[in-house]
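Visitor: Kindly return the folded structure for what I paste below:
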Amino acid sequence: MRSTSRTEAFPAHTPTASQIFTTVLSHGPLTRSEIAGRTRLSAAAVTKAVRPLIEVGYLLEDVDEDARQSSLGRPANPVRVDGGRALFIGVKMTGDELIAVLTDLTCRIWVARHVPLTSRDPQAVLTSTAALVQELLTEADGFGVRVQGLGIAVSGDVDRADGVVRYSPFLEWRDVPLAELAALTTGLPVTVDNDVRALTVAEQWFGAGVGLSDFAVVTVGAGIGCGLVVHGQVVSGAHGVSGEIGHVAIDPSGPLCHCGNRGCVEAIASDSAIVARVREVTGVQVADAAQALDLAHDGDPGAREVYARAGEAIGRGIATVANLLGPERVIISGEGLAAYDLFAEQIRDTFAAAAFGSAARCDVQTRPLPFEEWARGAAATAIQSFITSDTG
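Guide: Numbering: from 1, shown residues only. Sure thing, here's the model as predicted:
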């Protein structure tokens with residue numbers, strides 16, 4: 001087990017310094033005047049925060065030769081984050097697999113690993129996680145860079161503040177103090193969050209949400225999830241639950257959902273719901289989502305109708321988000337996008353019909369992402385915690 005003494009405290013000790021660093025992280029390279037403009041801080045405040053970050057190597061100052069040659073005064077050199085200054089590990093836990101990545105400070109993936117789970121028992125999963133983390137710590141040693149934190153992403157009801165998995169349907173966990181247990185077994189500072197919220201953090205800081213104050217990430221696949229950013233903040237909810245559009249009931253007489261209600265978006269549009277309905281409608285005993293997808297692509301009318309219905313459910317769920325929060329953008333992602341050609345039209349049409357007024361102007365876009373991106377999202381939460389933990 002590694003000692004937490006291997007990690008160091010991030011030197012941005014104030015909210016202002018953290019804000020400045022985060023701005024450069026997401027938008028850099030930036031000159032000091034550009035940082036001041038984006039953060040609405042004074043030039044003096046920016047200079048005061050940037051100087052120690054450069055001294056300890058978290059920020060680098062680039063020499064702008066054009067500015068040096070054309071300026072009569074001091075050149076406006078841009079500063080950028082040194083991604084290789086610190087490394088982070090992200091782990092996405094599913095019901096049957098661990099996906100882990102080693103990333104740098106800018107959340108670029110350096111190493112990726114997949115390990116099957118033979119048991120969903122929390123202790124067995126923790127043992128496998130610790131072994132996987134140890135592998136990546138060894139990789140980090142080879143790069144000569146310290147790992148400063150571990151992020152873990154889990155589906156379901158996750159309380160990030162307490163580091164507790166309240167309920168995860170795919171792992172069949174209830175009230176597991178995952179952050180505490182993982183810290184004990186790995187020796188690293190640990191951040192645990194819902195997997196969709198973690199993916200949303202990655203999109204906000206490093207992806208399609210950079211520069212947007214209000215947007216949503218909707219994921220389709222094993223479940224239907226939604227991460228929300230409102231006024232620049234990822235919404236966690238008072239009790240760790242938010243954005244659960246998968247459990248918005250759109251058909252009171254619809255199929256039973258695992259949450260106990262009927263007609264939820266997830267009960268119609270998740271992979272398992274689609275597979276069950278395809279079997280029922282076609283009489284073909286498809287084994288999984290891949291076989292259901294193949295049947296629909298082969299032109300089976302019953303299977304294609306199931307996917308069309310799923311698209312309508314997803315479109316209505318997205319419209320609900322747009323009507324309630326008015327986001328600038330909704331990003332659709334997840335493994336379920338493999339079927340996007342089968343339900344894209346229904347998503348668009350249902351969204352347009354159900355979105356109220358100007359909410360229909362929301363930019364709805366798809367962003368297919370490899371499964372490692374979920375683990376990258378977990379790493380993003382660890383980066384976020386590292387940057388902001390000492391700036392209360």
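Visitor: Spatially nearest residue to Ile268, not counting backbone neighbours?
Guide: Ala313 (4.2 Å; C-beta to C-beta, 6 or more residues apart in numbering). Every residue, glycine included, has its C-beta placed from N, CA and C.
Visitor: Please apply the same query to Glu203.
Guide: In this structure, Glu203 finds its nearest non-sequential neighbour in Gly209, 4.2 Å apart by C-beta to C-beta, 6+ apart.
Visitor: hang on, isn't that neighbour packed against Val217?
Guide: Yes. In terms of C-beta atoms under 8 Å, Gly209 counts as a neighbour of Val217; the distance is 7.4 Å.
Visitor: With neighbour numbers in mind, choose between these two.
Guide: Between Gly209 and Val217, Val217 has the larger neighbour count (other C-beta atoms under 10 Å), namely 31 against 27.
Visitor: contacts for whatever helix or strand that one lives in?
Guide: Applying DSSP states H and E as the criterion places Val217 in strand 215-220. The contact list for strand 215-220, computed with C-beta atoms under 8 Å, 6 or more residues apart in numbering, reads 196, 199-200, 203-204, 208-209, 224-229, 243, 245, 269-270, 314, 317-318, 321, 325, 327-337.
Visitor: rewinding a little: show me whatever sits in contact with both of Gly209 and Val217.
Guide: 200, 203, 331.
Visitor: So which of those wins on neighbours?
Guide: Within the shared contacts of Gly209 and Val217, most neighbours by other C-beta under 10 Å means Thr200, with 31 neighbours.
Visitor: And that one, how far from Trp173?
Guide: Remark: distance between Thr200 and Trp173 (C-beta to C-beta, to the nearest Å) = 22 Å.
Visitor: Which residue, other than its chain neighbours, is closest to Thr185?
Guide: Of all residues not flanking Thr185 in the chain, Ala130 sits nearest, at 4.2 Å (C-beta to C-beta, 6+ apart).
Visitor: and His114, what are its bridge partners?
Guide: The partner list for His114 in beta bridges (DSSP bridges) reads Ile99.
Visitor: Please, where are all the strands along the stretch 101-250 of the chain?
Guide: Listed in chain order, the strands of the stretch 101-250 of the chain (DSSP state E, counting those that start in this stretch) span 109-116, 147-154, 157-159, 164-168, 173-176, 190-194, 215-220, 224-230, 233-234.
Visitor: Against which helices or strands is the fifth one packed?
Guide: When contacts are defined as 3 or more C-beta pairs under 8 Å, 6 or more residues apart in numbering; DSSP states H and E, strand 173-176 packs onto strand 164-168.
Visitor: Give me the angle between the strand it packs on and strand 190-194.
Guide: Put simply, strand 164-168 runs at 30 degrees to strand 190-194, going by axes from the mean of the first three to the mean of the last three C-alpha atoms, to 10 degrees.
Visitor: Show me the strands paired with strand 164-168, marking each as parallel or antiparallel.
Guide: Using DSSP bridges, the strands paired with strand 164-168 in its sheet are strand 157-159 (antiparallel), strand 173-176 (antiparallel).
Visitor: Going by mean pLDDT, which of these comes out lowest?
Guide: Note on the strands paired with strand 164-168: lowest mean pLDDT is at strand 157-159, with a mean of 91.
Visitor: Go ahead and name everything in contact with it.
Guide: Outside of strand 157-159, the residues within contact range by C-beta under 8 Å, 6+ apart are 164-168, 192-194, 197, 239-241.
Visitor: Selecting buried members of those residues in PyMOL, what would you type?
Guide: Filtering these down to the buried ones (16 or more other C-beta atoms under 10 Å) takes a single PyMOL command:
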select buried, resi 164+165+166+167+168+192+193+194+197+240+241
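Visitor: Single out whichever of the contacts of strand 157-159 has the smallest pLDDT.
Guide: Gly240 (66).
Visitor: how about low-confidence regions in this protein?
Guide: Residues of the chain meeting the criterion pLDDT under 70: 1-6, 64-75, 239-240, 389-392.
Visitor: now the helices for the stretch 1-150 of the chain?
Guide: Per DSSP state H, counting those that start in this stretch, the stretch 1-150 of the chain carries helices over the ranges 15-27, 32-39, 43-55, 65-70, 122-143.
Visitor: Pick the most buried one from those.
Guide: Ranked by average neighbour count under the criterion mean count of other C-beta atoms under 10 Å, the helices of the stretch 1-150 of the chain are headed by helix 15-27 at a mean of 20.
Visitor: just checking, what packs against that helix?
Guide: When contacts are defined as 3+ C-beta pairs under 8 Å, 6+ apart, helix 15-27 packs onto helix 32-39, helix 43-55, strand 79-81, helix 195-206, helix 372-388.
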